[in-house]
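Visitor: The sequence and its predicted three-dimensional model are supplied below.
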Amino acid sequence: MRVPAILLIASLSATAQAGETAWQELAPGARARLISSDVAAADGTTMIGLELDMPLSSNTYWRVPGETGIPTVLDLAGSSGVSGHQMLWPYPAIETSTGYVDFVYRGPVVLPVQLSLDGGPVDLKIAVTMGICSDVCVPVMSSFQLPLSFAAPDRAQGLRIAQAVARTPLEWTGTNNPVPGVAYDAGTDALAVSVSGEVDPLSLIADAGEGGQLFGAPQKSPDGNLVLLPLLGGDQGRNVEGTPVRLTFMTEMGPFSVERRISSARSTASGG
């Protein structure tokens, strides 16, 4: 396993300009900044983004980091004018080249964040903790300050954020069922996931939630409509039956996700 080597703390950002902060160096060749659409929506929200500029040889992590990843955490406690936030997560790459399974972003990437506004002046003070990895994993911390005026939209940054949102999985609302069933297969110690023709079977990612079990990279089974996601580490099974799991996947229309409940492989799996 790759072990975090050092802890880097980036300096406070310089004075913000329009819908962006100054870039901060996080690790050699990797930098970050905060960007904003400077648009307040009618529902009392606005969109910002954590923009990362990394070489393709470096990566950071999805909301489920994987076996060796470091989670990304935003702390907005010092901000004013904000009542809540939700981080959105573009579909990641499934990384297996190291012998471990991680869910990663490589190269330039924007991580969108939806803010709920409380109606007062907005001054963002955001502390970020995340992992940047190349040959070793480096946990980094950085702090950004960005006042939002909403006097005029920042169209360039708004477009950059919108492009990232478009790569974020949507909840499946189609009439057909892309994932008819999810069961625990004791014989392979894996989730056996039934998929329809719309789903790219090798794009499946299973998320059992915070504190839940970790599942590996998808593997095709002899049944073309069945995908196996190995249970990683610990005792076989670990009481996964009956627990909810979110399945994220790619289609020709983009990324989607559904929530299902894991059934026993000895019973008929059905969507929950």
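Guide: Received the coordinates, thanks. From a predicted model like this one, the values you see are computed outputs, not experimental measurements.

Visitor: which residues touch stretch 250-260?
Guide: The list of residues contacting stretch 250-260 from outside it, by C-beta atoms under 8 Å, 6 or more residues apart in numbering, reads 90-91, 166-172, 178-179, 181-182, 198-200, 203, 244-249, 271-272. Every residue, glycine included, has its C-beta placed from N, CA and C.

Visitor: how about 6 Å then?
Guide: 91, 169-170, 172, 179, 182, 198, 200, 203, 244-248, 271-272 (C-beta atoms under 6 Å, 6 or more residues apart in numbering).

Visitor: Any of the residues you listed buried? List them.
Guide: By neighbour count, with 16 or more other C-beta atoms under 10 Å, these hold 91, 169, 172, 179, 182, 198, 203, 245-248 as buried.

Visitor: For the strand or helix carrying L247, output the C-alpha coordinates as PDB.
Guide: Taking DSSP states H and E as the definition, one finds L247 inside strand 244-251. Taking Å, rounded to 0.1, in the frame of the first residue of the first chain, the C-alpha atoms of strand 244-251 are listed here in PDB:
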ATOM      1  CA  PRO A 244     -28.300  -0.400   0.500                       C
ATOM      2  CA  VAL A 245     -25.700   0.300  -2.100                       C
ATOM      3  CA  ARG A 246     -25.400   3.000  -4.800                       C
ATOM      4  CA  LEU A 247     -24.400   1.900  -8.200                       C
ATOM      5  CA  THR A 248     -22.800   4.400 -10.500                       C
ATOM      6  CA  PHE A 249     -22.200   3.700 -14.200                       C
ATOM      7  CA  MET A 250     -21.600   5.100 -17.700                       C
ATOM      8  CA  THR A 251     -24.000   5.000 -20.600                       C
END
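
Visitor: could you give me the average pLDDT of the following helix or strand past it?
Guide: Once the chain leaves strand 244-251, the next helix or strand it forms, by DSSP H and E, is strand 254-261. What strand 254-261 shows for mean pLDDT is 96.

Visitor: how far does strand 254-261 sit from the chain's center?
Guide: 14 Å (C-alpha atoms, centre = their mean, to the nearest Å).

Visitor: L111: what secondary structure?
Guide: strand (DSSP: H, G, I helix; E, B strand; the rest coil).

Visitor: give me every residue that touches it.
Guide: So L111 contacts L50 (C-beta under 6 Å, 6+ apart).

Visitor: From what I see, T45 and P112 are in contact.
Guide: No. Checked against C-beta atoms under 6 Å, the pair T45 and P112 is beyond contact range at 11.5 Å.

Visitor: Looking at these two, which one has more neighbours?
Guide: P112 (25 against 16; other C-beta atoms under 10 Å).

Visitor: From E252, how far out is the more buried one?
Guide: Remark: distance between P112 and E252 (C-beta to C-beta, to the nearest Å) = 23 Å.

Visitor: What pairs with the strand holding L247, parallel or antiparallel?
Guide: Counting by DSSP bridges, the strands paired with strand 244-251 are strand 205-207 (antiparallel), strand 254-261 (antiparallel).

Visitor: With respect to R33, which of those strands lies nearest?
Guide: Closest to R33 of the strands paired with strand 244-251 is strand 254-261 (C-beta to C-beta; 25.1 Å).

Visitor: Dump that closest one to CSV, keeping only the CA atoms.
Guide: Extracted C-alpha coordinates of strand 254-261, given in CSV (Å, rounded to 0.1, in the frame of the first residue of the first chain):
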residue,chain,number,x,y,z
GLY,A,254,-23.5,10.0,-19.8
PRO,A,255,-23.1,8.9,-16.2
PHE,A,256,-26.0,7.8,-14.0
SER,A,257,-26.6,6.2,-10.6
VAL,A,258,-29.2,4.1,-8.9
GLU,A,259,-29.7,2.8,-5.3
ARG,A,260,-30.4,-0.8,-4.7
ARG,A,261,-30.6,-3.1,-1.7
